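Participant: generate coordinates for the sequence data below:
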Amino acid sequence: MNYVETLESKSELIRQQFANLIGAKIKGYELAQLWCSTEGEWSDWMDIPLFLIIGNETLSISWRKFDELAIQQDRILPFSVGGNTIRWLCEGVPALDSALEKIVTHVSLGRGEMSIGSQELSIWTRLIIGLEGGEALEIFNALDENGIEFHKTQILGESNKCI
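Facilitator: Numbering: from 1, shown residues only. Below you'll find the model as predicted:
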């Protein structure tokens, strides 16, 4: 996966990857969980891309570092999972389940919040997938991993519509 970090390169990546998906429905998703043998339970592994199925396409979406975004068609991992035991969830994640069968109307890039001392930094760390009825699925940078949130109303904050 190729990660990009500037506002311009992220906007272009979004236009390229979502151009043929506007008007299509979100059909499914896959989200990784890692087996933690010390705790004896499964744990969300948000460093692995979210596989989002829109229409007949699968997109791998991943954030890393402070503001690097990768979006690529197909099921692509940015690194080897080695000897780790992983499983893929295809249901049961409320933010993602709420987006299922919704039509994609537009995609925007939202500005994140970060400052050093009293100086506000300009970082664009929120991929906002606009859905029919004014709802949105947000895939954001949650400190070097993916965060996911479903919005039923308009999202607050600065954003740039990419497509």
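Participant: alpha carbons only for contacts and neighbour counts from here, please
Facilitator: Noted.
Participant: tell me, what residue is most central in this protein?
Facilitator: Note on the chain: the residue nearest the mean C-alpha position is Ile139, at 3.3 Å, using CA atoms, centre = their mean.
Participant: any weak-confidence spans in the protein?
Facilitator: 115 (pLDDT under 70).
Participant: so where do the helices sit in it?
Facilitator: Along the chain, counting by DSSP state H, helices occupy 7-18, 94-97.
Participant: picking that back up, the residue nearest to the centre of the chain against Gly130, yeah?
Facilitator: No - assessed by CA atoms under 8 Å, Ile139 is found out of contact with Gly130, at 11.4 Å.
Participant: what residues are shared contacts of the two?
Facilitator: Common contacts of Ile139 and Gly130, defined by CA atoms under 8 Å, 6 or more residues apart in numbering, are absent altogether.
Participant: in this structure, where's the longest strand?
Facilitator: For the chain, the longest strand by residue count, based on DSSP state E, is strand 26-36.
Participant: what helices and strands are in contact with it?
Facilitator: Contact here means 3 or more CA pairs under 8 Å, 6 or more residues apart in numbering; DSSP states H and E; on that basis strand 26-36 packs against strand 41-44, strand 50-54, strand 86-89.
Participant: list the buried residues for the second one?
Facilitator: Within strand 50-54, the residues scored as buried using 16 or more other CA atoms under 10 Å are Leu50, Phe51, Leu52, Ile53, Ile54.
Participant: just put those in JSON lines and tack on distance to Asp67.
Facilitator: What follows is the buried residues of strand 50-54, written out as JSON lines (distance: CA to CA, whole Å):
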{"residue": "Leu50", "distance to Asp67": "16"}
{"residue": "Phe51", "distance to Asp67": "19"}
{"residue": "Leu52", "distance to Asp67": "20"}
{"residue": "Ile53", "distance to Asp67": "23"}
{"residue": "Ile54", "distance to Asp67": "24"}
